[in-house]
Structure formats: structure tokens, C-alpha cells
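K.L.:
next come a sequence and a model predicted from it.
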Amino acid sequence: QVQLVESGGGLVQAGGSLRLSCAASEDIFNNYHMAWFRQDPGKEREFVAFLRGDGKLSDYADSVKGRFTISSANAKNTVYLQMESLKSEDTAIYYCAARPGNIYYGYSNKNLYRYWGQGTQVTVSS
């Protein structure tokens, strides 16, 4: 099973940027669909961004569209989340998730992802 390790979180001022990384223990290209979710304490884990296994389709939650970008570096087995124009409401623990197989529909549903990282904290101060 693939293991995922997130990094890159931290404290940033509103309007600033951060880049999160998710390092996978094996080749993810064409093997896993990848996504980022986030969770605030006391709230449900919510979808942030999706990248299809072939890298040709991505999608975002409305709340981050135009500000966040998901990408991958296949040679490094790494998925990134570039976050720009950060807002205080972006504060959360960010999780990387992987879903094996060919089916990618329903990609915003956290229950369809089999593998998860441990999360990285992002705090945006206003």
C-alpha cells in the first residue's frame, strides 16, 4: 500500500503563499488519483483539490478556485498544492489522499480514498 507524507505547512499572513508537498512511497502516475482535503477541528473533512491519475484533469472546491493549484512531479512521486492569496478561513490541517483504480468519479467524496497522509497544519493569520 502506498504511504503518503505531507510537508510544507506553517504560519503565514493573510494574502501570503504556501506550497504543500505530498511524497508517495511508490509510483503514483497512472496508478492513483490524488486529492487534497482539509479539516478544521470540530468540522467535517472537506475537499480542496483533485488530480486525476494521468495528470490531465484537475478540479477544485469553489472556495479555493483561482487561488490554489494542484500539480505533480512524477519523477519524484510527489503531489503539490500551491496556495496563493491565503485567507484566515484557509486555516486547517491539510491531508493528502490517494485512490487506486480507474474510476475517478465522485472525487470530492473523502470516503472513496483509501490512503491518507498524517496531515500538515496551515495557519493563516489575519
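P.N.:
Sure, I can see it. Numbers count the residues shown, from 1 in each chain.
K.L.:
would you list every one of the helices in this structure?
P.N.:
In the chain, no segments count as helices under DSSP state H.
K.L.:
quick check, central residue of it?
P.N.:
Nearest to the mean C-alpha position of the chain, counting by CA atoms, centre = their mean, stands Trp36 at 2.1 Å.
K.L.:
and that one, how close does it get to Glu89?
P.N.:
With distances taken as CB to CB, to the nearest Å, Trp36 is found 16 Å from Glu89. (Each C-beta comes from the backbone N, C-alpha and C, glycine too.)
K.L.:
from memory Ala97 sits against Gln118, does it?
P.N.:
No: in this structure, Ala97 is not within contact of Gln118 by CB atoms under 8 Å, at 11.7 Å.
K.L.:
who has more neighbours, the two?
P.N.:
More crowded of Ala97 and Gln118, by other CB atoms under 10 Å: Ala97, with 24 against 11.
K.L.:
show me the shaky parts of this protein.
P.N.:
Scanning the chain for pLDDT under 70 picks out nothing.
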